[in-house]
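Student: for reference, the sequence and a predicted model appear below.
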Amino acid sequence: MDYNAAVAGHKGCSIITHPDDVVGNGRKRQWILDNVVEDSDPFVFLCDDNVTDLYDRGHFTERMAKIIVDRDVIEALIYKVYDVAKQLGTNLFGFASIWDESYFYDSNTWHFGRYINGFNMGIIGREQQFDKRNVAKEDFDFFLQTIYRHRFAVQYDRYGFRKYGHFVTSGGLTTVRNLQTELADIARLQRRFGKSIVCLATKRAAGRKGQVGKGNAGNRLSIKLPF
């Protein structure tokens, strides 16, 4: 996002810019962890700049779920899930990866083995780091590190952030992300965590029980957890 546009669109917020040579999501997210420090708790919530609002997927109207744009309400919800994750003893939390309310089940709102998407990722502490070599799959690497260390992450499925212009608008990774960088990231994940854990799968296979999937650049990455 352009700096002037960020200032105009986020009045009252402190805008911090990273150096131009910090390229790729792995390096950018680690730069944030290294340079953004909270006085009370070493906690940061990473949210993409193309997020427009938060959906309450459990609050149905005739047409759609309730749309939340109030900053204080969203911040309070983030702190609520943060507090749950902290008390349970993990370092990673987030909200639903899909904002569509048709995927929501009110009897199953909390999840502890689902992949936490990088566009809404809460990180507690600084003992865990992003792999700077990853251009686009850095969130998968971080999630798997958490699973390896803590055995679970916290996802509150009732709420989901909505994004616009994914893979369409300019900026972000559009100049560095392609099929080759995606495959290189996947190969790196497989070397680190094993091909039995990280594999390419079809959309149908990635939706089966015990797997979490995400499709990018024509590939769908499937994570098969052994528990």
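Tutor: Perfect, I can see it now. All of these numbers come straight from a predicted model, not from anything done at the bench.
Student: where does Asn117 land on pLDDT?
Tutor: Here the pLDDT value assigned to Asn117 is 93.
Student: C-terminal to the lengthiest helix in the chain, what's the next element?
Tutor: Longest helix in the chain by number of residues (criterion: DSSP state H): helix 71-88. For helix 71-88, the following helix or strand on the C-terminal side (DSSP states H and E) is strand 92-96.
Student: quick one: pLDDT of Gly172?
Tutor: At Gly172, pLDDT is 59.
Student: next one: Ala205
Tutor: pLDDT, read off for Ala205, is 43.
Student: count of neighbours near Gly26?
Tutor: 24 (other Cβ atoms under 10 Å). Just so you know, the C-beta spots here come from the backbone N, C-alpha and C atoms, and that holds for glycine as well.
Student: an error on my part: the question was meant for Tyr156.
Tutor: Count around Tyr156 with other Cβ under 10 Å applied: 19.
Student: tell me, please, the helix or strand in the chain that averages the lowest pLDDT.
Tutor: helix 203-206 (a mean of 45; mean pLDDT, DSSP states H and E).
Student: which residue is nearest the centroid of the chain?
Tutor: Gly118 (2.1 Å; Cα atoms, centre = their mean).
Student: so that one, which of the three states?
Tutor: Following DSSP: H, G, I helix; E, B strand; the rest coil, Gly118 is assigned to coil.
Student: for the residue nearest to it when sequence neighbours are not counted, list the residues it contacts.
Tutor: For Gly118, ignoring the flanking residues on the chain, the nearest one in space by Cβ to Cβ, 6 or more residues apart in numbering is Asp139 at 3.2 Å. Neighbouring residues of Asp139 by Cβ atoms under 8 Å, 6 or more residues apart in numbering: Asn25, Tyr115, Ile116, Asn117, Gly118, Met121.
Student: what's the closest of these to Val84?
Tutor: Nearest to Val84 among these: Ile116, at 13.5 Å, using Cβ to Cβ.
Student: what residues are up against Phe112?
Tutor: Phe152, Ala153, Val154, Gln155.
Student: and those, which of them are in strands?
Tutor: Within those, residues falling in strands by DSSP state E are Val154, Gln155.
Student: okay, the residue nearest to Ala6 when sequence neighbours are not counted and Arg220: tell me how far apart.
Tutor: Counting by Cβ to Cβ, 6+ apart, Ile15 is the residue found nearest to Ala6 once chain neighbours are left out, at 5.3 Å. Using Cβ to Cβ, to the nearest Å, Ile15 is found at 35 Å from Arg220.
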